[in-house]
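Undergrad: Have a look at this prediction, sequence included:
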Amino acid sequence: MKRILLMVCILCLLMLTACTPAPAVPVETYDDMIVVGFSQVGAESDWRNANTRSMREALSEQNGYRLIIDDAQQKQERQITAIRNFIHQGVDYIVLAPTTETGWDTVLAEAKAAGVPVIIVDRMIEVEDDSLFTCWIGSDFRKEGDAAVEWLAQHFGDEPLRIVHLQGNLGSSAQLGRTQGLDTGLANHPAWELVYRNTGDFTQAKGQELVEALLAQGMQFDVIYSENDNMAYGAIDALKNAGLQPGKDVTIISFDASHAALEMVMAGEISFDVECNPLHGPRVQAIIEKLEAGSKPPKLTYVEETTFDAATITRQIMDGRGY
Ligand code: AHR
């Protein structure tokens with residue numbers, strides 16, 4: 001009897017070992033360093049590059065961090081794989097700049113089960129259980145869209161306007177909020193007409209390609225509402241190549257207010273640019289420091305942002321900006 005019992009125990013032990021996942025094996029051991037896995041959307045825009053730079057500078061080795069960056073090339077499935085790799089590597093924190101709002105529940109539940117805090121930056125996520133992330137810091141994209149529409153209303157009132165809308169990546173908070181702002185403006189101004197809407201994926205090449213195609217088919221329009229600066233640069237190139245003057249023949253509204261775009265505001269080519277602040281590195285550093293010290297950062301933090309047009313931009317303002 002004793003022998004049978006012993007064999008049953010050994011069998012149970014063997015089964016238990018087989019079911020237990022392999023312990024997270026760190027790729028290297030970083031003594032005294034805080035290891036952060038950063039899943040970045042991609043390198044689609046000046047904004048994004050400034051954001052990556054800001055993270056690198058703040059979470060540097062000098063500051064006591066080992067930062068592992070994964071570029072998802074604008075694909076959510078790549079971000080999910082990167083998060084799983086970070087968990088497996090045994091990082092101390094995961095920072096996620098999400099491509100889209102939805103689709104994160106499963107992988108973030110895995111991070112939570114592994115005890116890895118997740119900090120969301122830039123765009124927002126939509127999850128069933130908000131304990132799946134520690135905190136979020138980013139922009140109020142809806143407010144940005146409303147600011148753009150308010151400027152249009154102040155400058156054109158209820159004049160008839162034919163609007164071309166270049167959207168960002170569909171399903172991202174930046175696209176959703178800025179599109180909601182415009183949709184509300186269209187509903188409140190019956191003389192405004194949406195003549196074209198398509199996604200330019202937040203890239204300059206796609207912005208140019210879309211506007212070139214519209215011009216080639218002879219479409220007439222008064223305003224381009226471009227959901228980021230890089231698509232606006234592409235649109236401006238397309239207009240100029242067709243002999244049109246941006247800012248005169250077509251009013252350009254844009255978002256981000258990166259350095260090159262503000263030069264265009266000064267030159268009168270972009271009429272209005274809504275700031276979207278990419279400098280999240282020091283903010284994430286401050287959050288991690290708080291968590292390390294055992295205190296709790298606020299769950300949601302919206303960063304302060306402003307707007308620019310020819311009347312408000314100055315060289316002095318431009319020189320004092322970090323992106
Ligand atoms: O989420 C922020 C947006 O993403 C920026 O407006 C855009 O340039 C970037 O790609």
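TA: In hand now; what should we look at?
Undergrad: Every contact and neighbour count from this point should use C-alpha atoms.
TA: Fine.
Undergrad: residue boundaries of the helices in the stretch 201-323 of the chain?
TA: For the stretch 201-323 of the chain, applying DSSP state H, counting those that start in this stretch gives helices covering 204-216, 229-241, 259-266, 281-292, 315-319.
Undergrad: For this protein, what lies in contact range of the ligand?
TA: Within the chain, the positions adjacent to the ligand are 44-45, 47-48, 122-123, 174, 202, 228, 255-256 by CA under 6 Å from any ligand atom.
Undergrad: any idea which of these has the most stuff around it?
TA: residue 228 (34 neighbours; other CA atoms under 10 Å).
Undergrad: List the contacts of the closest residue to that residue other than its chain neighbours.
TA: Counting by CA to CA, 6 or more residues apart in numbering, residue 228 lies nearest to residue 255, which is 4.5 Å off, once chain neighbours are set aside. Listed by CA atoms under 8 Å, 6 or more residues apart in numbering, the contact partners of residue 255 are 144, 226-229, 273-276.
Undergrad: Closest one to the ligand out of those, please.
TA: residue 228 (4.9 Å; CA to the nearest ligand atom).
Undergrad: The closest one reaches residue 254, doesn't it?
TA: Yes: counting by CA atoms under 8 Å, residue 228 does reach residue 254; the two are 5.5 Å apart.
Undergrad: What separation is there between residue 238 and residue 177?
TA: 26 Å (CA to CA, to the nearest Å).
Undergrad: Same question for residue 269.
TA: Taking CA to CA, one finds residue 269 at 24 Å from residue 177.
Undergrad: try residue 265
TA: Residue 265 is 23 Å from residue 177, by CA to CA.
Undergrad: again with residue 262
TA: Applying CA to CA to residue 262 and residue 177 gives a distance of 22 Å.
Undergrad: Compare these two and say which is more crowded by neighbours.
TA: residue 262 (27 against 21).
Undergrad: Contacts only, for residue 143.
TA: 177-178, 181.
Undergrad: The ligand: which of those residues is nearest?
TA: Once CA to the nearest ligand atom is applied, the member of those that ends up nearest the ligand is residue 178, at 9.5 Å.
Undergrad: Around that closest one, count how many other residues there are.
TA: 27.
Undergrad: List the residues that contact it.
TA: Neighbours of residue 178 in contact, by CA under 8 Å, 6+ apart: 141-146, 227.
Undergrad: Let me know the secondary structure of residue 124.
TA: Of the three states, residue 124 takes coil under DSSP: H, G, I helix; E, B strand; the rest coil.
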